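# pasting the sequence and the predicted model now:
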Amino acid sequence: MALEDGEKPGSTLVVVRKPNDCIILLLRVVAFLATLSATLVMALNKETKTLVVATVGTTQVKATLTAKFQHNPANVYFVVANAMASFHNLLMIIVHLCGGKFKDKGLRLVMMAILDMMTVALASSGDGAATFMAQLGKKGNSHARWNKICDKFGKFCDHGGGALIASYIGLLLLVVITVLSIIKLLKTK
């Protein structure tokens, strides 16, 4: 059949449709909600515990310790990166809804694709940094003599893990949006 139509044997034609604007808008809204929830959960993550640090005779010496996201620069970066990704998604939703007012649609599509790629890089680096610190908090590092803290601050670690899951969902959606934005850009030519 392929030889009758003048095609080479084994070659196939793949048709890529232009992504529907409603699909991209829906993905942006879900990505916005995922990154916003990751930002809020990590930013409000705090746990206070009173621990026995020593025993003198029969008297226990106690210390009250607090675990906050601000105590770790990687978690602060995670919050800032997800907040910026949320802001980017919100801005792109507004541009999408009010986009008919812009005259140069080609420039808008190029700028959206570039900003989407930059946001993916930013969110990915924030997720990587926070994931590394979460693993360190869960397992510790015996070579550096860093003790694990998740056995003492379970709620803090659980909330951080939930924020990471939400952020990775947002990152996955941002990658899909970036691919769809580039396909849309290529299909306009």
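Now that the structure is in, tell me what you want to look at.
# the strands in this structure, which residues?
46-56, 59-68 (DSSP state E).
# okay, those in TSV with mean pLDDT and mean neighbour count next?
Using the backbone N, CA and C atoms, a C-beta is placed for each residue, glycine as well. Shown next, in TSV, are the strands of the chain (pLDDT from 0 to 100; neighbours: other Cβ atoms under 10 Å):
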stretch	mean pLDDT	mean neighbour count
strand 46-56	86	11
strand 59-68	88	12
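# now do the helices in this protein.
Assigned by DSSP state H, the helices in the chain fall at 21-43, 73-97, 105-139, 154-187.
# in this protein, where is pLDDT below threshold?
Low-confidence segments of the chain (pLDDT under 70): 1-19, 99-105, 188-189.
# and A134, how far from L25?
32 Å (Cβ to Cβ, to the nearest Å).
# neighbour count for these two, which is higher?
A direct count of neighbours by other Cβ atoms under 10 Å for A134 and L25 places A134 higher, at 20 against 15.
# which non-adjacent residue is nearest T50?
Excluding its sequence neighbours, the residue lying closest to T50 (Cβ to Cβ, 6 or more residues apart in numbering) is T64, at 4.8 Å.
# for V29, that is, sorry about that
Per Cβ to Cβ, 6+ apart, closest to V29 is I93, 6.5 Å.
# and that neighbour, how far is that from C22?
12 Å.
# which one of these two is surrounded by more residues?
Ranked by neighbour count (other Cβ under 10 Å), I93 and C22 place I93 first, with 16 against 9.
# hmm, that one is touching L26, no?
No: using Cβ atoms under 8 Å, I93 is not in contact with L26, being 10.2 Å away.
# which residue packs closest to T39, ignoring adjacent ones?
N82 (4.3 Å).
# mind listing what the spatially most central residue of the chain touches?
Nearest residue to the geometric centre of the chain (Cα atoms, centre = their mean): S167, 3.4 Å. Counting by Cβ atoms under 8 Å, 6 or more residues apart in numbering, S167 touches A34, T35, A38, F78, N82, A123, G126, D127, A130.
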